[in-house]
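Asker: please work out how this folds:
(one chain, ligands or ions: 1)
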Amino acid sequence: MRIDVVTIFPDYLAALDLSLVGKARQRGLLDLRVHDLRDWTTDRHRTVDDTPFGGGAGMVMRPDVWGTALDDVLGGEPAAASPGRILILPTPSGEVFTQRHAEELAGAGQLVFACGRYEGIDARVAGHYRDAGLDVRELSIGDYVLNGGEVAALVMIEAVARLVPGMVGNPESLVEESHGAAGLLEYPVYTKPPEWHGRGIPEVLLSGHHARIERWRRDEALRRTAARRPDMIAGLDGTVLDKHDRAL
Ligand SMILES: Nc1ccc2ncsc2c1
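Answerer: The predicted structure is shown next:
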């Protein structure tokens with residue numbers, strides 16, 4: 001898989017040289033290229049933004065600079081002739097990125113991340129490549145304020161890269177760790193020492209009774225999910241009930 005990231009802060013993506021993604025690059029499993037958007041500017045100040053039409057605070061990133069950069073990164077081929085290519089625009093106004101997206105994107109031939117800053121990228125950029133037949137995704141990593149798309153690109157690249165065949169030694173470990181069995185949150189985990197700051201280990205985990213341990217783990221996952229993410233197990237009317245049918 002080839003991944004391109006276009007940004008005005010290429011150093012932000014240096015973290016991708018570490019850990020799993022770094023190793024995959026060295027093993028040739030991942031062809032990751034980071035590009036500085038300013039390399040496609042034509043003025044002496046290397047300008048990438050301008051004031052917004054209609055007024056308002058902040059600056060908007062120019063479509064002409066982004067267009068020349070993306071045309072180059074997409075290899076100049078007509079977008080429609082590029083199956084397996086996806087242009088990703090990280091944006092707070094996008095569809096929320098989930099593991100489903102990671103699984104889908106991991107099957108692409110090339111992902112191109114266009115990281116916006118300021119108030120965002122001129123909306124015509126997404127429209128231009130969509131109308132040219134390219135698969136364009138506007139994706140958000142959540143509802144909070146960030147200063148740009150680079151952090152989001154790092155999150156999405158890690159989530160996708162670990163699913164690329166050959167990336168992770170034991171494919172079984174690709175089961176959704178952050179969400180355990182049946183779409184629940186993970187149960188609490190413990191290791192040595194058996195006592196720490198006067199805190200022991202749940203007795204059942206020392207029992208060697210695997211059926212009881214599995215039952216305890218599932219109960220804890222249910223308890224955690226009901227408390228922290230009722231949206232994951234709410235009933236049809238949005239309520240979550242405990243074992244006495246009391247709404248949590
Ligand atoms: N502020 C903000 C929040 C989410 C998000 N996702 C991709 S870029 C971005 C920016």
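Asker: look at Trp216 and give its secondary structure.
Answerer: Here Trp216 is recorded as helix under DSSP: H, G, I helix; E, B strand; the rest coil.
Asker: and this protein, which residues reach the ligand?
Answerer: Contact residues, the chain versus the ligand (C-beta under 6 Å from any ligand atom): 90-92, 140-142, 144-146, 149, 152. For glycine as for every other residue, the C-beta is placed from the backbone atoms N, C-alpha and C.
Asker: in the protein, where's the longest strand?
Answerer: The strand that spans the most residues within the chain, counting by DSSP state E, is strand 85-96.
Asker: other SSEs contacting the helix or strand following it?
Answerer: Using DSSP states H and E, the helix or strand that follows strand 85-96 in sequence is helix 99-105. Contact partners of helix 99-105 among helices and strands, from 3 or more C-beta pairs under 8 Å, 6 or more residues apart in numbering; DSSP states H and E: strand 85-96, helix 150-161.
Asker: using CSV, lay out these together with distance to Asp17.
Answerer: What follows is those, written out as CSV (distance: least, C-beta to C-beta, whole Å):
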stretch, distance to Asp17
strand 85-96, 20
helix 150-161, 12
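Asker: could you dump those into CSV and include mean neighbour count and mean pLDDT?
Answerer: Shown next, in CSV, are the helices and strands packed on helix 99-105 (neighbours: other C-beta atoms under 10 Å; pLDDT from 0 to 100):
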stretch, mean neighbour count, mean pLDDT
strand 85-96, 19, 97
helix 150-161, 21, 96
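Asker: out of those, flag the one nearest Leu111.
Answerer: Proximity to Leu111 (C-beta to C-beta) singles out strand 85-96 among these, at 5.4 Å.
Asker: and the angle from that closest one to helix 150-161?
Answerer: 110 degrees (axes from the mean of the first three to the mean of the last three C-alpha atoms, to 10 degrees).
Asker: pairing partners for strand 85-96, with directions?
Answerer: strand 110-114 (parallel), strand 135-140 (parallel) (DSSP bridges).
Asker: which of these is buried the deepest?
Answerer: strand 110-114 (a mean of 23; mean count of other C-beta atoms under 10 Å).
Asker: can you name the residues in contact with it?
Answerer: By C-beta atoms under 8 Å, 6 or more residues apart in numbering, the list of residues contacting strand 110-114 from outside reads 1-7, 66, 70, 73-74, 82, 84-90, 105, 121, 125, 149, 153, 156-157, 160.
Asker: could I get the average pLDDT for that strand?
Answerer: The average pLDDT for strand 110-114 rounds to 97.
Asker: just checking, what packs against the helix or strand following that strand?
Answerer: Note on strand 110-114: by DSSP H and E, the next helix or strand toward the C-terminus is helix 124-131. Judged by 3+ C-beta pairs under 8 Å, 6+ apart, helix 124-131 is in contact with helix 63-73, strand 85-96, strand 135-140.
Asker: outline the domain layout of the chain.
Answerer: 2-161, 176-247 (automatic domain parsing).
Asker: tell me how far the longest one lies from the chain's centre.
Answerer: This means domain 2-161. Put simply, domain 2-161 sits 12 Å off its chain's centre (C-alpha atoms, centre = their mean, to the nearest Å).
Asker: ok, now the last one?
Answerer: In terms of C-alpha atoms, centre = their mean, the centre of domain 176-247 is set 26 Å apart from its chain centre.
Asker: burial check on Ile201, number of neighbours?
Answerer: 14 (other C-beta atoms under 10 Å).
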